[in-house]
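*Asks:* Next comes the sequence, and after it the predicted model I'd like to discuss.
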Amino acid sequence: MFGLLKCVQIMAHNIELEERQLVLEYKTTTICISRRDEGLQETEEVVDDSKEQIVSVNLEMIKYVELMDEEEDKCQKKTGIV
């Protein structure tokens, strides 16, 4: 009977150790997920900023092309080419 009690105590101790290990792994995993999510959010913000810059540059390029076309038209009218 004493041997059975000792065996149960050892099993209970092993279960406690395994539970502690699992809780530690869970906490570590949640911290890693949180950091990954923060990194993802920062990356998405950088991508969004880059997209805004691209749109801004594209609009600026379109405006310059329009201005160049206008100037070309003015020059052609002045020289009587058109």
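*Replies:* Nice, thanks for sending it over. Numbering: from 1, shown residues only.
*Asks:* Sketch out the low-pLDDT regions of this structure for me.
*Replies:* For the chain, the stretches with pLDDT under 70 are 1, 81-82.
*Asks:* Just give me the residue right at the centre of it.
*Replies:* Nearest to the mean C-alpha position of the chain, by Cα atoms, centre = their mean, lies residue 40 at 2.3 Å.
*Asks:* do you know how far that residue is from residue 25?
*Replies:* Distance of residue 40 to residue 25, given as Cβ to Cβ, to the nearest Å: 22 Å. For the C-beta atoms, the positions are set from N, CA and C on the backbone; glycine is no exception.
*Asks:* now do residue 78
*Replies:* As for residue 78, its distance to residue 25 is 78 Å (criterion: Cβ to Cβ).
*Asks:* Over to residue 32?
*Replies:* Residue 32 is 10 Å from residue 25, by Cβ to Cβ.
*Asks:* repeat for residue 2
*Replies:* For residue 2, the distance to residue 25 (Cβ to Cβ) stands at 35 Å.
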